[in-house]
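Trainee: Fold the following.
(chains A and B)
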Protein chains: 2
Amino acid sequence: MSKEKQFVTEITPQSEDFSRWYLDVIRKAELMDYAPVRGCIVFRPDGYELWENIQRELDRRFKETGHRNAYFPLFIPEHFLLKEKEHVEGFNPEVPWVTEAGGEKLEERLAIRPTSETMIGHMYARWIKSYRDLPLLINQWCNVVRWEKRTLPFLRTSEFLWQEGHTAHEDEEDARRETMRMLEVYRDFAENVLMMPVIAGQKTPSEKFAGAVDTYSIEAMMKDGRAVQAGTSHYLGTNFAVAFDIKYLNRENVMTYCHTTSWGVSTRLIGAVIMVHGDDRGLVLPPKIAPTQVMIIPIGPPKAREPVLAKANELLDELRRAGVRVRMDDRDDVSPGWKFNEYEMRGIPIRLEIGPRDLENGQCVLVSRVTGEKTPVPLDRVAEEVPAMLERVGREMFEKAKRFMDEHTFDVDTLDELKAKYEETRGFAYAGWCGSEACESRVKEETGATSRNIPFEPAVTKSRCLVCGEAARHTVVYARAY
Amino acid sequence: MSKEKQFVTEITPQSEDFSRWYLDVIRKAELMDYAPVRGCIVFRPDGYELWENIQRELDRRFKETGHRNAYFPLFIPEHFLLKEKEHVEGFNPEVPWVTEAGGEKLEERLAIRPTSETMIGHMYARWIKSYRDLPLLINQWCNVVRWEKRTLPFLRTSEFLWQEGHTAHEDEEDARRETMRMLEVYRDFAENVLMMPVIAGQKTPSEKFAGAVDTYSIEAMMKDGRAVQAGTSHYLGTNFAVAFDIKYLNRENVMTYCHTTSWGVSTRLIGAVIMVHGDDRGLVLPPKIAPTQVMIIPIGPPKAREPVLAKANELLDELRRAGVRVRMDDRDDVSPGWKFNEYEMRGIPIRLEIGPRDLENGQCVLVSRVTGEKTPVPLDRVAEEVPAMLERVGREMFEKAKRFMDEHTFDVDTLDELKAKYEETRGFAYAGWCGSEACESRVKEETGATSRNIPFEPAVTKSRCLVCGEAARHTVVYARAY
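Mentor: From the prediction side, this is the model:
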């Protein structure tokens, strides 16, 4: 009993200190460890497998929408970064530079890629000759580096893993169609794989990607009411095409600039998933990306152990054959109670308990990590029930997160009202915006909230700018963000 | 006809200039392009997909042998690299250094990882406490950088992609067992997936990994008779455990150093596969990693096109459902002859031809890339015949490569004999070795051949050192190598 108590108290309650809770839980669940390099982490196997499962699901969607993977160099020559003005201003301050290699000083510094528009733009200019080569639809899975001042495991690290899609098109219409299609891939993936409700919309000009014409994002709400930008898709116009000379002979035999896009999600999704679903007992992992979906725990006294273990092993094999990621903890020097806590903390969606009395009744018990509900299931129906229950657990996670987001979303008419709201609660604020950068930055100065995006489907439509009171051109979602 | 002729002559014949052939074929088949960074290449989609297929096959084998993936930082602090004496001497000359980041000069230079023994050793020291934590079996898929003087696409590039397994064990026996198990995984993979015969054996001390006690390798023979080291597995003893303090409480409650291993293969496998199997018409890709396994080409005059296309599309769907990576080229502005050449050059294992006469006969024709053999197949048996033929094509590739290797393997008694042999032929030379580094390096100086390894199963056993004539301690395979 004291062991179990000690166990629970090792994780700071969310209500006490949400940041502390987050840092406690990701280390205790062995998702990561701090690396001996500033702002870098190690992705331990259970953390990395979340990324592998995210990759597999996204990669399939990218390929289904006609993209292929490729790999471009880590190093970007300095003069490349300088070619697109906004781009260099946005990224240069965060770049690490290689100045020596092979025992010699380099003639030109090499940037470690913070993103690859420049390198890929350079290559596209070589590959694209005619409209027959378009659209060119390529994605890259890789590491990137941005030397951030404030870092937070998964959410903001100096080096991180991501995918970056880069596409080139004949005209604006086709490029904009691609931009929106990939944003929709992200939205669908976030809501139906990560079980994480998001708000899709357009970034304001001050928040868009350095070098983009328009940036679109999906924004998720963490359990402390703060936002995480969970994916972005950019229409780059001809900005990079002009900078890197990506031209093609069009159907009228005229050399024309391509319109390009880029879009990406990163390992920060792991942090978002944890902060959206976790609770005071630890992680709650979406079944579709959980490294272990079901943990089998045999229970009962030692003398009754043998037949229980035999049946538990049968279930293990059966579930494996059914494609379930299942493991068993049959250690006899650790109590079932300790195991229950341990695997709840690790966020495993379903616990399967089986003991001597269950055996007599020809059943076992499935326990949902989300609701704690216990469901007895006949032994011969386990292989059908478990996949169905994984689906159900996932839906429950989405609904719970959606409810939380709805309960922490409100609308305000004035800046004072927003400030007052933030005294009593936290979350997303819908507000009108006149379109001026001054009003937008005023909100940030006075409340710490930034414009997240201009939702495609706003919950409410506001008619006046919350700062200046002029007519609103857009309804914006404001929130404090990671 | 002139188009077809022009096509063939764009690739330099292997017999004329093997290096030229290689560079011609990898660019023409769009596997890669040169990047604007010294010694770096871009992996284009057809090149990268070879790597994705290699990854999938290997990753499954790693997981089946109990390993999990993780991710460690790209940057290695300088003082880490200095901790293992042999290691630093081996790698320091090839390291690129980050000296500035985020607009400031760094206090300590950061190496871009050439390999991760040091970083992973540091983390293992934190994670491993007791024998219960062992063995620790982790693999990493990542990019690494070695600033090489001479580079060659895929085979030796400044940045490359690889996997590096790193494991820690209770004792020498268990660590050596792991070292050999992973070498066997590589051998099996090379021979049964890449269809590339290899010689497995132990490296001589002068050729072993910097920091290893023993290094084992698989060596493949290219079509110019030169060797490529296709995979290595290292028993590191306690060298890195001592340098990084990887200790554990053993079963007798005594703090003890771990024994560690590491093992890796890289994107150089892509280069090896091309040089082992390719011919004057271009690539020949092993079916198990070919991005496209079957190319369907509808033939016949325009007026008979419609029913042919309808049936070809049916076959396309049917083969896809059967899990075959199949595509169709139904362009009508390009001749079938041009397409035949194009997809032979791209190394697609099977061409499926279908025309009006085939339709009448209820058949299509499968053409093997390896033998050129044409096999008529009834339309209702295509979905069974194609997978069987892919297996057969793969076996034929292995046998052909094995025959080539056998025909270019010989044994010699003296250095003069080796020199004379190299005047008339090329390939692998079995020779006796007394065990002295002096004799080994003498061979290199006088013939350009290096010791590849000491084969576990030598074709012959030699009793005298080819240089000094003393009693041979080992029979070594010598070859010129990439």
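
Trainee: make it CA atoms for all contacts and neighbour counts henceforth
Mentor: OK.

Trainee: per-residue confidence for the residue lying farthest from the centre of chain A?
Mentor: In chain A, residue A:303 marks the outermost C-alpha relative to the chain mean, sitting 46.9 Å out by Cα atoms, centre = their mean. Per-residue pLDDT puts residue A:303 at 89.

Trainee: how close does it get to residue A:309?
Mentor: 11 Å (Cα to Cα, to the nearest Å).

Trainee: What of residue A:126?
Mentor: Distance, residue A:126 to residue A:309, using Cα to Cα: 63 Å.

Trainee: Which segments of chain A make up each domain?
Mentor: A:17-277, A:294-389, A:409-479 (automatic domain parsing).

Trainee: For chain B, which of those is the nearest?
Mentor: Comparing these by their distance to chain B (Cα to the nearest Cα), the top pick is domain A:17-277, with 3.8 Å.

Trainee: right, and residue A:264 touches residue A:231 too?
Mentor: Yes: at 6.0 Å, residue A:264 counts as touching residue A:231 under the criterion of Cα atoms under 8 Å.

Trainee: which strands and helices sit next to the strand or helix carrying residue A:340?
Mentor: Element membership of residue A:340 [criterion: DSSP states H and E] is helix A:336-345. Judged by 3 or more Cα pairs under 8 Å, 6 or more residues apart in numbering or on different chains; DSSP states H and E, helix A:336-345 is in contact with helix A:2-9, strand A:294-298.

Trainee: what about residue A:121, how many neighbours?
Mentor: Using other Cα atoms under 10 Å in any protein chain shown, residue A:121 is surrounded by 23 other residues.

Trainee: Please apply the same query to residue A:135.
Mentor: Neighbourhood size, residue A:135 [other Cα under 10 Å]: 21.

Trainee: And for residue A:333?
Mentor: Neighbours of residue A:333 (other Cα under 10 Å): 6.

Trainee: which residue ranges form the helices in the stretch 351-482 of chain A?
Mentor: A:356-360, A:382-407, A:415-424, A:437-447 (DSSP state H, counting those that start in this stretch).

Trainee: so which of the ones you listed gets nearest residue A:254?
Mentor: When these are compared by Cα to Cα, helix A:437-447 sits nearest residue A:254, at 39.1 Å.

Trainee: about what we covered before: hey, least reliable of the helices and strands packed on helix A:336-345 by pLDDT?
Mentor: Taking the mean pLDDT of the helices and strands packed on helix A:336-345, helix A:2-9 comes last: a mean of 46.

Trainee: contacting residues for residue A:429?
Mentor: When contacts are counted by Cα atoms under 8 Å, 6 or more residues apart in numbering or on different chains, residue A:429 touches A:409-412, A:418, A:477-479.

Trainee: 10 Å - rerun?
Mentor: Counting by Cα atoms under 10 Å, 6 or more residues apart in numbering or on different chains, residue A:429 makes contact with A:408-413, A:418, A:421-422, A:449, A:451-452, A:475-480.

Trainee: Now, of those, which are buried?
Mentor: Neighbour counting by 16 or more other Cα atoms under 10 Å in any protein chain shown classes A:408-413, A:418, A:421-422, A:449, A:451-452, A:475-480 among the contacts of residue A:429 as buried.

Trainee: near chain B too, which of these?
Mentor: Among those, not one lies near chain B by Cα under 10 Å from any Cα of the partner chain.

Trainee: Between residue A:303 and residue A:309, which contacts overlap?
Mentor: Common contacts of residue A:303 and residue A:309 (Cα under 10 Å, 6+ apart): residue A:356.

Trainee: what ranges do the strands span in the stretch 201-350 of chain A?
Mentor: With strands called from DSSP state E, counting those that start in this stretch, the stretch 201-350 of chain A shows them at A:214-221, A:227-237, A:247-249, A:255-257, A:259-266, A:294-298, A:326-328, A:350-354.

Trainee: Starting from the last one, tell me which strands it pairs with and how they run.
Mentor: I take that to be strand A:350-354. According to DSSP bridges, strand A:350-354 has the following sheet partners: strand A:294-298 (parallel), strand A:363-368 (antiparallel).

Trainee: for the fourth one, same thing?
Mentor: Take DSSP bridges as the rule and strand A:255-257 pairs in its sheet with strand A:247-249 (antiparallel).

Trainee: so where is chain A shaky, pLDDT-wise?
Mentor: In the predicted model, chain A carries pLDDT under 70 at residues A:1-9.

Trainee: List the contacts of residue A:60.
Mentor: Neighbour list for residue A:60: residue A:67 [criterion: Cα under 10 Å, 6+ apart].

Trainee: That one is in what secondary structure piece?
Mentor: Using DSSP H and E, residue A:60 maps to helix A:45-64.

Trainee: that older thread, could the domains of chain A go into CSV alongside distance to residue B:246?
Mentor: Output for the domains of chain A, formatted as CSV (distance: least, Cα to Cα, whole Å):
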stretch, distance to residue B:246
domain A:17-277, 16
domain A:294-389, 26
domain A:409-479, 45
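
Trainee: just so I know, which of the ones you listed lies nearest residue B:148?
Mentor: Taking Cα to Cα, domain A:17-277 is the member of the domains of chain A nearest to residue B:148, at 7.5 Å.

Trainee: for the closest one, the distance to its chain's centre please.
Mentor: Here domain A:17-277 is found 12 Å from its chain centre; the criterion is Cα atoms, centre = their mean, to the nearest Å.

Trainee: how long is that domain from one end to the other?
Mentor: 16 Å.

Trainee: For residue A:52, the count of nearby residues, please.
Mentor: 17.

Trainee: For it, give me its contacts.
Mentor: Residue A:52 neighbours (Cα under 10 Å, 6+ apart): A:45-46, A:58, A:289, A:291, B:69-70.

Trainee: and which of these is nearest residue B:216?
Mentor: Nearest to residue B:216 out of the contacts of residue A:52 is residue B:69 (Cα to Cα; 22.5 Å).

Trainee: Just give the nearest non-adjacent residue to the closest one, would you?
Mentor: Spatial nearest neighbour of residue B:69, excluding adjacent residues (Cα to Cα, 6 or more residues apart in numbering or on different chains): residue B:139 at 4.7 Å.

Trainee: thinking again about what came up before, what comes up buried for the helix holding residue A:340?
Mentor: Going by neighbour count (16+ other Cα under 10 Å), the buried part of helix A:336-345 is A:336, A:339-345.

Trainee: repeat for stretch A:319-337
Mentor: Applying 16+ other Cα under 10 Å to stretch A:319-337 flags A:319, A:324-328, A:330, A:336 as buried.

Trainee: Which residue would you name as the spatial centre of chain A?
Mentor: Geometric centre of chain A, nearest residue: residue A:269, 1.8 Å, by Cα atoms, centre = their mean.

Trainee: Assess the claim that that residue and residue A:194 are in contact.
Mentor: Yes: proximity of residue A:269 to residue A:194 meets the contact threshold set by Cα atoms under 10 Å, at 8.8 Å.

Trainee: Mind listing the shared neighbours of the two?
Mentor: With Cα under 10 Å, 6+ apart, residue A:269 and residue A:194 have common neighbours residue A:54.

Trainee: backbone phi and psi for residue A:408, please?
Mentor: Dihedral angles of residue A:408 (phi, psi; degrees, to the nearest 10) stand at phi -110, psi 30.
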